[in-house]
Structures are given as structure tokens and as C-alpha cells.
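Trainee: no sequence for this one, just the structure:
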């Protein structure tokens, strides 16, 4: 990408007054939306509420300046928030100074990983993480988020750090301790958020619902045990210093890697999804750099790990944003709003916050795509279920790694069984067609095969079995391979092709190729394929291939053949006297 070190220099000089105006309006919408989300996400992460707002102020600016997407809004997200909580809660008390310090260190390490991925140009890595894994993980995270809020909307006491199963066992076994006032505040807040989203979608439902929940708590008054969030400091993000001790770095490095990977998957996936609508090209390596820098810089300004937000990015695009300037406007406007309204959070009930987070968790579950996956593909459904269950019952960072591993296994499973199709020649149109179509004729001495995808170590066993099965047919001594669909041949693939050629040579025939792509041909030549098989076995098109192979066929068999597939067969259609 041009000016990849400072991509903002490219789009800033292209902005018009109308673009800036549209970005400012979109920024107002973004600032209003992220206010309740920032507080909610920080709560999920086990941090004081203001840290979610700090993250929504700093992270979007850096990511917008150094990323490639015009519409991506970065900042605190639900999935990363719950991974942050999972990674640190076993080492420090949530909300404590030690917990905050470790969260900053985790953010710095994740940013360094992401920067390293970007500098190493590993943007293609996210292509190997299937959308199914992301859907399964997000759905599992949503259930965990909802579970973590049950104690806040029921008033049933529960210890910190309980597992998914333990949390529900404690809740169900202590239903007699349900605080109806707290439950009423939480559920009414949730119902208000749902109702506004459904019937008044243009109104910021989470913000209005939180105000509504506060009014209900105020109506109950004191004496019902309704806890309040407390006032958020009316300040801009203060400078901070992550804990850089070797012990802390060693402790958090594995979890930071998982957060880095999840953050990059989220950011690039969201960017690409919106880019399809906006007709923009996304550069994954540039997004890696933008996300990495935003987390590195953010860790020194009291921010915890962030990534792209699908909700805020989608709203940003829908609001008419033209450039990354909208994200910068949203962050600056949020700073102004916080300075004005932060004291009002002193009246915000914890139960109302729990109801809002429940709504956020519900929105995370992609029911539409889950249904499509379950009905369409058994392997994809298996990956979805395994990732979902792992997220619920295993360490979250392990669930991420398992999801990535499943994606790779699924990818390798697909590429390890390339399609090998027998072809026949349509004598009227003079072109090869699939033999199973019944619209062509096959030469009994020369089999024509079309191989798709790659011939590499993972697919050689499948290819060998298929071609040897065809070569075992009576009279088949020569095989012509159509290479137009082959994208790559590695050393294992070369060894296989040389071996198959040797077996056919022993029968008096050989292996031939046509239509191999220049790049594939060049790489195969370097690995010795052309030298071992012979340069005269490779052809640019089917006409030159057939005309060169035909003289080597058994001519007596051709005389008695009734199919006359090739043009070269026409001489055998003449009367015997004329041929004599």
C-alpha cells in the first residue's frame, strides 16, 4: 500500500468539506453509542468503568490513522474484554490496582505481537481462520458474558472466578436469595433496550435503557440493596506505565498472543465485511500495523486491549462516514461528553448495567449464520459446536487456539482431496468436457484428467490413489493432465508425478501435461520435474499436446477403434483400399 508507514497522508489530502461534514455527523453518532458500551465492556473485563471510555478515546484515533479501512471503529469489544478478564482474574483481584497494571501489560504485549505480525507481512494468516470459528467463539463468549451478569441482576451473591458450570450451580441453588428489586431494575432495563432497538432503532437504546434503569432504582429508594456503579472520574486518559517486569511478561505472554490473534481476526473480518459494501480494498498487513500501534500507544494512556467493533463500525458506515476521520471525531466528542456527564454515573445501578450487558451479549450471537452452518455443512457445524463448547468449558485463550487449529485442519482437509476429473472430447465443439456429462468421447489409449487445486504433501496420497486407479484400466498407458486448475506443486508433488510417470513408462507410455501456469511451471522446473520427466512432455495447449502424443499411440489399436476422438484419427476413417 502506498505510504504504508503514514497512510493518513493519503486520505487526508483527498477530503472535501462535504466529506468532513459527513464524518463529523457520523462521529456524533459513534460517540453516543460508545458511551454506554465503553462502561459495559470495562465491567466485563473486570476493570473500573472509566478504562473502557479511555480505550474508546485513544485506540480509535491511532487505529484510524494507521489502518487501511475507511469505516472501521476500534476500541473496547466484548470478546476481547472477556478474554482479558479470563487471562488476569486468576492472578489478581478484578478492579484492583494490580489487575489494572496487568491489563496494561497485557495490552502492550498484544500490541507488540500485532506489530510484529504486520511488519512480517503475515496478513494472510487471518485467511486461515474460518468465519465459522469466529461465530462459534463469539456465541460462547456471549453466554459467558451473560452468565457473569446473572449475579448483578438477581442480587444472588457468588464468589469471583467461578467457572461457567459453577456459576449456574450457585445461582440455581440459591434462588431463595433473589432480590426482587434488583431483578426488576435489571430486567426492566433489558426490556427497555430490546423494545427501543425493535421499535425505535434510530434512538441510542443502550443509553436510554441505562437512564430508565436509574429512574426505576431511584423510585425504589434506599433499603433495597441496589448497588450503584459510582461516579466516573471526569478526566481525559491519564498517562500510565505497564508492568514490564520479566515475571509479569512471562506470565502474560501466552494470553497476550491469544488476544493479539483474536483482535486481528476481529478487525480484518469486520473491515472486509464493510468493504464489500463500500467497494473499498482492505490491506490486512496495514490493519495489523494499525491495531498493533493502537494497543501499544494505548497501554501508556490507561487503555486496555481493543480491536474493531462490528456494531460501531456498521453504524459508522450507515451514518455516512467517508473516511477514518469519523473515528477520530467520535473519540474527541466522547472526551467532551465524558467531561460533562461522567458525574451522572454515580446514579447508575449495577443491575441496570447488567441488563445492558445482557443485551450486548444477546446481540453477539449470530443466529442467522449459525442456522445456515448447521443446515448446510456437517464439517462446518462440527467446528462451530467444538469451538462453542470449548469457549464455555475451557480456558478462553485455549479455545481461540483450538479454533485456529480447527480452521487449519478444515482447510487442509479440503485441499488434501483435490478434484480429479476424467475428461472426454466433444467432437463437435472440439473441446474437453467432463466424461460424466456424456457429451464427449474418450480415447481408449490416452486418458485425459483435469486436476484442481494443489499437488503438495497433503494431497499426494489422494492423487496417487486416483491416478493409479485410472492407469490400471486395460489399455491405458498414457495420461494427459490438464493443469489449468493447479496452483502449486511442492517437492512431494514432484516426487509423486515422477513416480507415476515411471510406472507408465514401464508399460510403454508416460505422463504428459498441458496448460500449466507459468509460475507453477517455473517452481516445478526448479524442483526437477521438467528435467526428470522431460521437457517434451509439457505443452502450452491441447492441440500441440495431442499432435505430439498421437504418433506414439498403438496404431493397430487405432485402426480397429470406432470412436475417432481426435482430428488425427481421421486417416483411419478412410476406406482400407485408399489407406493401402
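Mentor: In hand now; what should we look at? Remember, it's a predicted structure, so these values are computed and weren't measured experimentally.
Trainee: Where does the prediction get shaky in the stretch 351-500 of the chain?
Mentor: 396-397, 427-429, 474-475 (pLDDT under 70).
Trainee: Let me see the mean pLDDT of the helix or strand encompassing residue 30.
Mentor: Using DSSP states H and E, residue 30 sits in helix 17-44. The average pLDDT within helix 17-44 is 85.
Trainee: Please state the offset of it from the chain centre?
Mentor: Distance, stretch centre to chain centre, for helix 17-44: 24 Å (Cα atoms, centre = their mean, to the nearest Å).
Trainee: starting at the chain centroid, how far to stretch 374-390?
Mentor: Relative to its parent chain, stretch 374-390 has a centroid offset of 15 Å by Cα atoms, centre = their mean.
Trainee: what's next to that stretch, contact-wise?
Mentor: Residues external to stretch 374-390 that are found in contact with it (Cβ atoms under 8 Å, 6 or more residues apart in numbering): 130, 132-133, 135-137, 139-140, 370, 373, 398-399, 402-403, 406-407, 410, 413. Yep, even glycine has a C-beta here, placed from its N, CA and C like the rest.
Trainee: So which of those residues are in helices?
Mentor: Under the assignment DSSP state H, the contacts of stretch 374-390 contribute 132-133, 135-137, 139-140, 370, 373, 398-399, 402-403, 406-407, 410, 413 to helices.
Trainee: helix or strand right after the helix holding residue 30?
Mentor: helix 50-66.
Trainee: Let me see the contact set for the nearest residue to residue 41 once chain neighbours are set aside.
Mentor: Nearest non-adjacent residue to residue 41, counting by Cβ to Cβ, 6 or more residues apart in numbering: residue 76, 3.9 Å away. By Cβ under 8 Å, 6+ apart, the contact set of residue 76 is 37, 38, 41, 42, 45, 52, 55, 56, 59, 304, 306, 309.
Trainee: thought the fourth one was touching residue 51?
Mentor: Same thing as residue 42. Yes: at 4.8 Å, residue 42 counts as touching residue 51 under the criterion of Cβ atoms under 8 Å.
Trainee: what residues are shared contacts of the two?
Mentor: residue 304.
Trainee: how about the strands in the stretch 201-350 of the chain?
Mentor: 307-308 (DSSP state E, counting those that start in this stretch).
Trainee: Where does pLDDT dip in it?
Mentor: Checking the stretch 201-350 of the chain against pLDDT under 70 turns up 273, 276.
Trainee: Which stretches in it count as helices?
Mentor: 205-220, 246-278, 284-298, 310-318, 325-341, 350-364 (DSSP state H, counting those that start in this stretch).
Trainee: residues near the spatially closest residue to residue 538 that is not a sequence neighbour, how many?
Mentor: Leaving aside its chain neighbours, residue 538 sits nearest to residue 513 (5.1 Å; criterion: Cβ to Cβ, 6+ apart). Per other Cβ atoms under 10 Å, the neighbour tally for residue 513 reads 23.
Trainee: Next, residue 513: phi, psi?
Mentor: Main-chain torsions, residue 513, degrees, to the nearest 10: phi -140, psi 140.
Trainee: go on, residue 174?
Mentor: When read as degrees, to the nearest 10, the backbone of residue 174 gives phi -130, psi 30.
Trainee: Chain neighbours aside, what residue packs nearest to it?
Mentor: Nearest residue to residue 174 in three dimensions, chain neighbours excluded: residue 156, at 5.0 Å (Cβ to Cβ, 6+ apart).
Trainee: can you pull the contacts of that neighbour?
Mentor: Shown in contact with residue 156 (Cβ under 8 Å, 6+ apart): 150, 170, 171, 174, 175, 177, 178, 179.
Trainee: With residue 125 instead?
Mentor: Shown in contact with residue 125 (Cβ under 8 Å, 6+ apart): 117, 264.
Trainee: you'd agree it is in a strand?
Mentor: No: using DSSP: H, G, I helix; E, B strand; the rest coil, the assignment for residue 125 is helix, not a strand.
Trainee: Pick out the most distant pair among the contacts of residue 156.
Mentor: Farthest apart among the contacts of residue 156 by Cβ to Cβ are 170 and 179. That separation is 15.0 Å.
Trainee: In three-state terms, label residue 423 for me.
Mentor: Secondary structure assignment for residue 423 (three-state DSSP): strand.
Trainee: Residues in a beta bridge with it, which ones?
Mentor: residue 434, residue 448 (DSSP bridges).
Trainee: Tell me how many other residues crowd it.
Mentor: Using other Cβ under 10 Å, residue 423 is surrounded by 21 other residues.
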